[in-house]
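J.: Let's see this in three dimensions:
(chains A and B)
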Amino acid sequence: MNTLAKEQSVDVDSREYVDALRHSCAHVMAQAVQELFPGTRITIGPAIENGFYYDFDGPHHFTEEDLPKIEKRMRQIAEGNHPFIGKEVTPEESRKFWEARGEKFKVELLDGIVARGEKVTHYSHDNYVDLCRGGHLQDTRGIRHFKLLSVAGAYWRGDEKNPMLQRIYGTAWPTKDQLDKHLKMLEEAKARDHRKLGPALDLFSIQELAGPGLIFWHPKGGLMRLIMEDWLRAEALARGYQMVYTPHIANVELWNTSGHRSFYKDNMFGEIEVEKGEYQLKPMNCPFHILIYQSRLRSYRELPLRLSELGTVYRYERSGVLHGLMRVRGFTQDDAHIFCTPDQIEGEVEGCIDFALHVFKTFGFERYQMEVSTWDPAKRSDYIGDEGDWGRAQAALESVLKRRGVPYKLCPGEAAFYGPKIDVKLIDAIGRSWQLSTVQFDFNLPRKFGMEYIAPDGSRKQPLMVHRALYGSIERFFGILIEHYAGHFPLWLSPVQVKILTLTEAQNDAALALESRLKAAGLRPAVDLRGEKIGAKIRDAQLEKTPYMVVLGPRDVASGTLAVRLRDGRQLSGVTESQFVSKLSQECAEKLTSPHWEQPQ
RNA sequence: GCCGGGAUAGCUCAACGGUAGAGCAAUCGCUUCGUAAGCGAUAGGUUGUGGGUUCGAAUCCCAUUCCCGGCUCCA
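T.: Just a heads-up that it's a prediction; the model follows:
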């Protein structure tokens, strides 16, 4: 807590204070920008998570080089200790004020405020005035620990039909420590960026000749994917899922039936002509699983039917949105569709949640956030499906989370038009959240396809459909894993688990023999026989983030024991080979995220 | 898709109108070494691509591809 806050008896850690600080910072930035770049018009400048931004319109094209200049002027202004003063003004006064300055965006905002019947307020500090509903510090003294970060484009009012404004992002904090910590986190995030680490560790690449958004899994990444897939398949089978495989393209008639050709058209690759028909790459697996369901008449006795596939889909994402492994044009979903009766939904939802939590735990994610998206009853006509189904489904989603004691956020109005859902965002090692698993009801497709089952009374009923993905996409999940571990993968996922480093050529045979014994024991070893010094070999293995290194010199060959070095720098000597194998095997079997060796003496 | 910024050897960068360089990596040779970089040599580039301006273009202009920061959208 800083002295200023004490003096003003404010809780500097409260969200209100921090937001006020950031919002105030935005005002000061707008003042600085308008002073330094005359002719710049202002729009809005809110506080956001970790910082603030302000959107500008004007003749000057801002670049990163402008930021230090703006920052400097901001500091000067802030040091003036100007109080923030709010006052209510009449709409007429306000209009006159903004029109006189040619601030057309502010006039537009004013129109909105007036139309909503809200009070019009102006907030000023120093000689600067902004149309603003308030939420500021008492004065500019609290604005000390901030940094401008980047320049970006942003649509006026977030609508892509509107003109593009220039946005300057900044971060601001009550204390220097917090600012430094945040800047350090940004640096850390940059250092563990999967787009950098992935190719550096030879896990994957994206090839310009092949096209953007298409992933090439290299041998090491491919092996990791294999492990992730095998683990997931085994889990799914154990949980009563049945694995299926379906094609990558289908006749446009299928997409007409499913409705994707209308509501998902923009995200689908174009038609491929085949003889007299037209085909399209699949953007989703759902219709294919429905076709399997419909391949014969189904009885209620078969339900719940859980069809699962590692299904590769292709989506025509707009070029500007692609991002490493996180947002691509071709990806594989661990996709399953559960067809069930109304009285089975709660059990099925619970099964999904349970499975998702198991996935997180296994891969070492401790923290996550659940969001339940429900409909907005006021806009009933926007949704497909009957009210009873929606009600039951939403109740099931919530009651499962409550029963499991999983905290969640309710997001009314966030449901898709075809059903409510649970989205899971997991929090990675440095506190960032990622959208991952999703459990969604679908009241649309069963209807579109006329799905049925024979009920106990002999009547034909429509099954309920739940769509669920846990990894979400294997590509994205892999990207998150890389960043979460910064490349220091748990042993069971590491493509190379043990690197055997020879001291001299005399140990080559012993090294190769050890390698094959470790292989036979089910481990993934590699040898480094190069004529380099041991320091260089260790350095290289370390840069590859290999979990275990075994240094093999004459002493070790003579003693028959292993000199083991862990990725974290710990060294263990005199380890017997059987101890080593059993420790590593156990570490893999238990899927430990960090090795459990005792500290050496 | 939109706004802005980029692209030089496998990687990190230099040269900023006057014959493209360095370190690391690679290859070969020497070294046989005890826990994060031994020594030397060699090879590696139509400066993303295509046009244009110029006596001369990595450098200036136009187009295009891809990448980056965002917006919009999303697994």
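
J.: burial count for the residue of the stretch 251-400 of chain A found nearest RNA strand B?
T.: Residue of the stretch 251-400 of chain A nearest RNA strand B, by CB to the nearest atom of the strand: residue A:320 (2.1 Å). Using the backbone N, CA and C atoms, a C-beta is placed for each residue, glycine as well. Residue A:320 has 7 neighbours, counted by other CB atoms under 10 Å.

J.: Let me know the secondary structure of it.
T.: Put simply, residue A:320 is helix when judged by DSSP: H, G, I helix; E, B strand; the rest coil.

J.: Then residue A:278?
T.: strand.

J.: so the spatially most central residue of chain A is in which element?
T.: Nearest to the mean C-alpha position of chain A, by CA atoms, centre = their mean, lies residue A:434 at 2.4 Å. Assigned by DSSP states H and E, residue A:434 falls within strand A:433-442.

J.: How about residue A:250?
T.: Here residue A:250 is assigned to strand A:249-251, by DSSP H and E.

J.: Tell me the helices and strands packed up against that strand.
T.: When contacts are defined as 3 or more CB pairs under 8 Å, 6 or more residues apart in numbering; DSSP states H and E, strand A:249-251 packs onto strand A:277-281.

J.: Next, give phi and psi for residue A:531.
T.: Main-chain torsions, residue A:531, degrees, to the nearest 10: phi -80, psi 40.

J.: Now for it, how many residues are close by?
T.: Using other CB under 10 Å, residue A:531 has 8 other residues around it.

J.: Pull up the gap between the residue lying closest to it once chain neighbours are set aside and RNA strand B, please.
T.: For residue A:531, ignoring the flanking residues on the chain, the nearest one in space by CB to CB, 6 or more residues apart in numbering is residue A:505 at 7.3 Å. Applying CB to the nearest atom of the strand, to the nearest Å, the value for residue A:505 to RNA strand B is 4 Å.

J.: Go ahead and confirm residue A:35 touches residue A:73.
T.: Yes - counting by CB atoms under 8 Å, residue A:35 touches residue A:73, with 6.4 Å between them.

J.: thinking again about what came up before, flag every buried residue along the strand holding residue A:434.
T.: Buried residues in strand A:433-442, counted by 16 or more other CB atoms under 10 Å: A:434, A:436-442.

J.: That one close to RNA strand B?
T.: Yes - against RNA strand B, strand A:433-442 shows contacts by CB under 7 Å from any atom of the strand at A:435-436, A:438.

J.: What is the nearest of these to residue A:451?
T.: Nearest to residue A:451 among the residues of strand A:433-442 next to RNA strand B is residue A:438, at 21.1 Å by CB to CB.

J.: Would you enumerate the residues in contact with the closest one?
T.: By CB atoms under 8 Å, 6 or more residues apart in numbering, the residues touching residue A:438 are A:421-424, A:467-469, A:472.

J.: Let's see that with 10 Å instead.
T.: By CB atoms under 10 Å, 6 or more residues apart in numbering, the contact set of residue A:438 is A:333, A:352, A:356, A:371, A:373, A:416, A:421-424, A:467-470, A:472.

J.: so which of the residues you listed are also by RNA strand B?
T.: Among the contacts of residue A:438, the residues within reach of RNA strand B (CB under 7 Å from any atom of the strand) are A:333, A:469, A:472.

J.: Please name every helix or strand in contact with the strand or helix carrying the first one.
T.: Looking back up the chat, that one is residue A:333. Secondary structure assignment for residue A:333, by DSSP H and E: strand A:330-340. Packing partners of strand A:330-340 (3 or more CB pairs under 10 Å, 6 or more residues apart in numbering; DSSP states H and E): strand A:215-217, helix A:219-238, helix A:286-293, strand A:305-314, helix A:345-362, strand A:433-442, strand A:464-469, helix A:474-485.

J.: In terms of mean pLDDT, which of these ranks lowest?
T.: Note on the helices and strands packed on strand A:330-340: strand A:433-442 shows the lowest mean pLDDT, a mean of 91.

J.: Could you identify the helix or strand that succeeds it?
T.: Assignment by DSSP H and E places the next element after strand A:433-442 at helix A:445-449.

J.: Quick check: phi and psi on residue A:47?
T.: Residue A:47 adopts backbone torsions of phi -80, psi 140, taken as degrees, to the nearest 10.

J.: what number of residues lie near it?
T.: Close neighbours of residue A:47, defined as other CB under 10 Å, add up to 20.

J.: partners of it in the sheet?
T.: Assessed by DSSP bridges, residue A:47 has beta-bridge partners residue A:52.

J.: any idea how far it is from RNA strand B?
T.: Counting by CB to the nearest atom of the strand - residue A:47 and RNA strand B are separated by 14 Å.

J.: ok, now which ones touch residue A:221?
T.: A:198-199, A:201-205, A:215, A:325, A:478, A:482, A:495 are the contacts of residue A:221 under CB under 10 Å, 6+ apart.

J.: mind redoing it with 8 Å?
T.: Residue A:221 is in contact with A:198, A:202-204, A:478, A:495, counting by CB under 8 Å, 6+ apart.

J.: Need the buried ones from those residues selected in PyMOL.
T.: Here is the PyMOL command that selects only those of these that count as buried (16+ other CB under 10 Å):
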select buried, chain A and resi 198+203+204+478+495
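
J.: how about stretch A:239-248: buried residues?
T.: Buried residues in stretch A:239-248, defined by neighbour count with 16+ other CB under 10 Å: A:241, A:244, A:246.

J.: Tell me the span between the first and last residue of that stretch.
T.: Chord length of stretch A:239-248, first to last residue, is 26 Å (CA to CA, to the nearest Å).

J.: cool, stretch A:39-47 as well?
T.: Terminal residues of stretch A:39-47 lie 24 Å apart, using CA to CA.

J.: What mean pLDDT does that stretch get?
T.: 94.

J.: how about it: buried residues?
T.: Those would be A:40-45, A:47, for stretch A:39-47 by 16+ other CB under 10 Å.

J.: contacts for that stretch?
T.: Residues from elsewhere that reach stretch A:39-47 (CB under 8 Å, 6+ apart): A:18-23, A:26-27, A:29-30, A:33-34, A:52-60, A:102-106, A:109, A:130, A:135, A:156, A:165.

J.: The buried residues of stretch A:39-47 into a markdown table, with extra columns for distance to residue A:406 and secondary structure?
T.: Converted to a markdown table, the buried residues of stretch A:39-47 look like this (distance: CB to CB, whole Å; DSSP: H, G, I helix; E, B strand; the rest coil):
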| residue | distance to residue A:406 | secondary structure |
| --- | --- | --- |
| A:40 | 48 | coil |
| A:41 | 47 | strand |
| A:42 | 43 | strand |
| A:43 | 40 | coil |
| A:44 | 36 | coil |
| A:45 | 37 | coil |
| A:47 | 29 | strand |
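
J.: still on that earlier bit, just the buried members of the contacts of stretch A:39-47?
T.: Neighbour-count burial within these applies to A:18-23, A:26-27, A:29-30, A:33-34, A:52-58, A:103, A:105-106, A:109, A:130, A:135, A:156, A:165; the criterion is 16+ other CB under 10 Å.

J.: Keep only those of those residues that are in strands.
T.: Residues of the buried ones among the contacts of stretch A:39-47 located in strands (DSSP state E): A:52-57, A:130, A:165.

J.: Would you mind putting the CA coordinates of the longest helix along chain A into PDB?
T.: If you go by DSSP state H, chain A has its longest helix at helix A:15-36. Extracted as PDB, the C-alpha positions of helix A:15-36 are listed here (Å, rounded to 0.1, in the frame of the first residue of the first chain):
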ATOM      1  CA  ARG A  15     -10.900  -3.500  -8.000                       C
ATOM      2  CA  GLU A  16     -12.600  -0.100  -7.900                       C
ATOM      3  CA  TYR A  17      -9.400   1.600  -7.000                       C
ATOM      4  CA  VAL A  18      -7.400  -0.200  -9.700                       C
ATOM      5  CA  ASP A  19     -10.000   0.500 -12.300                       C
ATOM      6  CA  ALA A  20     -10.200   4.100 -11.300                       C
ATOM      7  CA  LEU A  21      -6.400   4.300 -11.600                       C
ATOM      8  CA  ARG A  22      -6.400   2.800 -15.000                       C
ATOM      9  CA  HIS A  23      -9.300   4.800 -16.300                       C
ATOM     10  CA  SER A  24      -7.600   8.000 -15.000                       C
ATOM     11  CA  CYS A  25      -4.500   6.900 -16.700                       C
ATOM     12  CA  ALA A  26      -6.400   6.700 -20.000                       C
ATOM     13  CA  HIS A  27      -7.600  10.300 -19.500                       C
ATOM     14  CA  VAL A  28      -4.100  11.500 -18.900                       C
ATOM     15  CA  MET A  29      -2.900   9.600 -22.000                       C
ATOM     16  CA  ALA A  30      -5.600  11.200 -24.100                       C
ATOM     17  CA  GLN A  31      -4.600  14.600 -22.900                       C
ATOM     18  CA  ALA A  32      -0.900  13.900 -23.700                       C
ATOM     19  CA  VAL A  33      -1.800  12.600 -27.100                       C
ATOM     20  CA  GLN A  34      -4.000  15.500 -28.000                       C
ATOM     21  CA  GLU A  35      -1.300  17.900 -26.900                       C
ATOM     22  CA  LEU A  36       1.500  16.100 -28.800                       C
END
